[in-house]
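> Quick one: sequence and predicted model below, then my questions.
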Amino acid sequence: MIKQKKQGQLIVISAPSGAGKGTIISKIIENNKNIWVSISATSRKPRKGEIEGVNYYYLEREDFEQKIKDDYFLEYAEYAGNYYGTPKGKIIEKLESGKDVILEIEIQGAKKIKEILPEALFIFIMPPSEKELLYRLKGRQTESTEKILERFNTAYKEINEVSKYNYVVVNDKLEEAVLKVESIIRAEKCRVDRIEEMLVANKEEIIHEFLMEQEFDNKSIKDKLENEQ
Ligand code: 5GP
């Protein structure tokens, strides 16, 4: 009766660093083959264990700035002294092929996406508490104390922007947080504004068919009873 839009859903996920967004997203793509995560470009240096083309495309500052001029990004922002940007490239193609696309971006970028694509789904992942966030940042042991505190200050500000998003998920227990984000994505697919067409069948035709069948059934029962006598 209902034909829903084949186009995939654009999903923007933000979180203060240390909230566990990366782990949640990896679990989601493990469980959902129809979701594609966009790989951003950054001018930040790779952290230990990060891989070019998997975590990010690592660019020199000047190259990043050139790409801004070339209109290569759907959005970009400067965060903690580095550039981060979403390449336009495959996003439209993936969405049109029916894949859902996750953008794992910070809040300035999310605001830009809201301006250009307001129908996107905006989810904010929240750490269980500010104190826990600071300890999670420390636990990474990939950055200096100064950098950790800088990220904590930024995170603190970001938490106050949560009302700009459609949903908030507290990452207290990982499995539960993953389930919540997956449920939000599923629920979004059932929104009435994703209906492309209502295929309303002819009511009279259906009733007529039903009555004919009814008559046929009654007749068969009657025949059966008569034969048994
Ligand atoms: P990190 O340095 O910890 O990998 O990322 C720092 C922040 O930049 C995170 O909040 C992350 O979500 C965000 N980020 C990553 N890629 C992009 C992007 O393409 N655009 C924007 N605006 N932010 C991004």
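That came through fine. Residues are numbered from 1 along each chain as shown.

> helix or strand right after the helix or strand hosting Phe122?
Using DSSP states H and E, Phe122 falls within strand 121-126. Per DSSP H and E, strand 121-126 leads on to helix 130-139 as the next helix or strand towards the C-terminus.

> Report whether that following helix contacts the ligand.
No - using CB under 6 Å from any ligand atom, no contact is recorded between helix 130-139 and the ligand, whose separation bottoms out at 9.8 Å. Placement of C-beta: from N, CA and C, glycine included.

> And that helix, what's buried?
The neighbour-count check on helix 130-139 (16 or more other CB atoms under 10 Å) flags 133-134, 136-137 as buried.

> What residues are bridge-paired with the closest residue to Lys180 other than its chain neighbours?
Of all residues not flanking Lys180 in the chain, Val169 sits nearest, at 4.7 Å (CB to CB, 6 or more residues apart in numbering). Judged by DSSP bridges, the bridge partners of Val169 are Ile125.

> so can I have CSV of the buried residues of helix 130-139 showing pLDDT?
Shown next, in CSV, are those (pLDDT from 0 to 100):
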residue, pLDDT
Leu133, 85
Leu134, 87
Arg136, 84
Leu137, 83
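
> And the residues you listed, which is closest to Glu52?
Checking the buried residues of helix 130-139 against Glu52 with CB to CB, the nearest one is Leu137 at 24.1 Å.

> Tell me which residues touch that closest one, please.
By CB atoms under 8 Å, 6 or more residues apart in numbering, Leu137 lies in contact with 17-18, 143, 148, 151-152, 155.

> So which of those are in helices?
148, 151-152, 155 (DSSP state H).

> With respect to per-residue confidence, which of those is lowest?
Minimum pLDDT for those is recorded at Arg151 (83).

> What about the residue lying closest to that residue once chain neighbours are set aside, how many residues nearby?
Spatially, and ignoring its direct neighbours in sequence, Arg151 is nearest to Ser17 (5.3 Å; CB to CB, 6+ apart). A total of 22 residues lie near Ser17 under the criterion other CB atoms under 10 Å.

> wouldn't Ser17 be in contact with Glu158 here?
No - here Ser17 does not reach Glu158: they are 9.1 Å apart, not a contact under CB atoms under 8 Å.

> and this structure, which of its residues are near the ligand?
When proximity is defined by CB under 6 Å from any ligand atom, the chain lies next to the ligand at 17, 40, 44, 75, 77, 79, 84-86, 104-106, 108-109.
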